[in-house]
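S.K.: below: sequence and its predicted model.
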Amino acid sequence: MSKHDHGGRSDHPDGSEGQADDGVTEHSGDERPYPRLEDCDLSLKVPKDEEAKILGKAQRRLLHLRLINGGQLNDGKLGPPVCVVFEGWDAAGKGGAIKRLVDPLDPRHVQVAPFAAPTPDELRHHFLWRFWPPLPGWGGMTIFDRSWYGRVLVERVERLATEVQWRRAYQEINDFEHTLAEEGMIVIKLWMHMSHEEQLRRFERRRDDPLKSWKLTAEDWRNREKRSQYHDAVSDMLRLTNGPLAPWDVISSENKRYGRVEVIETVIRRMEEGMLRWGVPVPGTDAAEEDTELALMFDDPEFQDGPDDRESGDRARERLQA
């Protein structure tokens, strides 16, 4: 949780002062399986010498999918919009994972939307209002660094929203995401998970590093003392907002290298599922290496400088769409 996620006001007329309790007991009646923090294997690791190799292959696959979705490799037809939501513990590695996720992509093909505390004007609106503008359209992709889930996480625990507000928010969020998904959006939701002990080690390393100490505040240390309350809030969030069209994936980030790899591989898997759902052809992985080499050429401005290059591009494009 971050000190930047809050945004509710306790003087809202629809309820009394927020009282964060030990959990949410109501059920929607649909007991679908949902990811649990307790089931996340924090022992998983990726060796340092393997990370670059695995990431490189995955990044090239992601680029290929983005070029297809963006219409460059699909006869100009736009694929479904992709929305990736990052949530997780402080210092869980969200920034590093996002960096590796966007690294292979042209900046014109992806937007990163970080969210901090709402402005006074944003507080005058419904809590979901400020998240609409960055949402991607068809062929687009947006990565949310923190999101609307602040309402049921930090706002709940820190009593920045009333109990009525944050309890009501589960259904509001489900309706919001269901609307987006039914209109075509691929909603990918990632929770970056790690142990309390590993978080302490990372906090201490940040504290002792002059170039990273600015990331750590007294509020971060204070939030650590509320780990059990946040754990309950996260568990309720996973249970109550794990929709069939907007499922949660819990990422094991105890080992940062493993977390980065799992993030990009999860995004690829969810993108492929969403593309197939909307009838967008997904290239097979067995022939992906050669195809991705061709896809990379389309993303290089120098490739399209002259008429010979354009002819080569046409031939390559025909091979990819065959």
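M.R.: Arrived safely, thanks for sending.
S.K.: for the stretch 151-300 of the chain, what spans make up the helices?
M.R.: Per DSSP state H, counting those that start in this stretch, the stretch 151-300 of the chain carries helices over the ranges 154-157, 163-182, 196-208, 218-224, 227-240, 256-277, 288-298.
S.K.: quick check: buried residues in the fourth one?
M.R.: Of the residues in helix 218-224, 220, 223-224 count as buried by neighbour count, 16 or more other C-beta atoms under 10 Å. Just so you know, the C-beta spots here come from the backbone N, C-alpha and C atoms, and that holds for glycine as well.
S.K.: M237 reaches G150, doesn't it?
M.R.: No. The criterion here is C-beta atoms under 8 Å, and M237 misses it with G150 at 10.6 Å.
S.K.: so between those two, which is more surrounded?
M.R.: Using other C-beta atoms under 10 Å, the more surrounded residue of M237 and G150 is G150, with 27 against 24.
S.K.: phi first, then psi, for P35.
M.R.: Dihedral pair for P35: phi -70, psi 140, per degrees, to the nearest 10.
S.K.: and the closest residue to it other than its chain neighbours, how many neighbours?
M.R.: Of all residues not flanking P35 in the chain, V250 sits nearest, at 4.4 Å (C-beta to C-beta, 6 or more residues apart in numbering). A count of neighbours around V250, defined by other C-beta under 10 Å, yields 23.
S.K.: try the one 4 residues further on
M.R.: Residues within reach of E254, counting by other C-beta under 10 Å, total 20.
S.K.: mind listing what it touches?
M.R.: 42-44, 193-195, 198 (C-beta atoms under 8 Å, 6 or more residues apart in numbering).
S.K.: equivalent analysis for R201, please.
M.R.: Counted by C-beta under 8 Å, 6+ apart, R201 has zero contacts.
S.K.: what pLDDT does the model give it?
M.R.: As predicted, R201 sits at a pLDDT of 93.
S.K.: same check on R36?
M.R.: R36 is assigned 97 on the pLDDT scale.
S.K.: how about it, what does it touch?
M.R.: R36 touches 235, 238, 250, counting by C-beta under 8 Å, 6+ apart.
S.K.: how far away is the second one from S195?
M.R.: I take that to be L238. Between L238 and S195 the distance is 17 Å, computed by C-beta to C-beta, to the nearest Å.
S.K.: need the strands for the protein, in chain order.
M.R.: Counting by DSSP state E, the chain has strands at residues 82-88, 111-114, 141-145, 186-193, 248-252.
S.K.: one step back: neighbour count: L238 and S195, which is higher?
M.R.: Neighbours per residue (other C-beta under 10 Å) separate L238 from S195, with L238 holding more: 19 against 14.
S.K.: how much space between the more buried one and A246?
M.R.: In terms of C-beta to C-beta, L238 sits 12 Å off from A246.
S.K.: report pLDDT for the spatially most central residue of the chain.
M.R.: The residue lying closest to the centre of the chain (C-alpha atoms, centre = their mean) is V85, at 2.7 Å. Model confidence at V85, given as pLDDT, is 98.
S.K.: show me the beta-bridge partners of it.
M.R.: Assessed by DSSP bridges, V85 has beta-bridge partners F144, K189.
S.K.: when you give positions from now on, start the count at 8
M.R.: Happy to do that; since the first residue is 8 now, the last one works out to V92.
S.K.: now L80: closest residue in space, sequence neighbours ignored.
M.R.: Among residues not flanking L80 along the chain, L74 sits closest, at 4.7 Å (C-beta to C-beta, 6+ apart).
S.K.: scratch that, R137
M.R.: That would be E129: by C-beta to C-beta, 6+ apart, it lies 4.7 Å from R137.
S.K.: can you report phi and psi for R166?
M.R.: phi 60, psi 40.
S.K.: with adjacent residues omitted, what lies nearest to E280?
M.R.: I193 (7.8 Å).
S.K.: now that neighbour: how far from R174?
M.R.: From I193 to R174 the distance is 28 Å (C-beta to C-beta).
S.K.: ok, back up a step: ranking the helices of the stretch 158-307 of the chain by burial, who's on top?
M.R.: helix 161-164 (a mean of 26; mean count of other C-beta atoms under 10 Å).
S.K.: quick one: it to chain centroid distance?
M.R.: With C-alpha atoms, centre = their mean, to the nearest Å as the basis, helix 161-164 stands 20 Å off its chain's centre.
S.K.: shaky segments in the stretch 8-157 of the chain?
M.R.: 8-38 (pLDDT under 70).
S.K.: apply 80 and report the result again.
M.R.: Along the stretch 8-157 of the chain, segments meeting pLDDT under 80 span 8-39.
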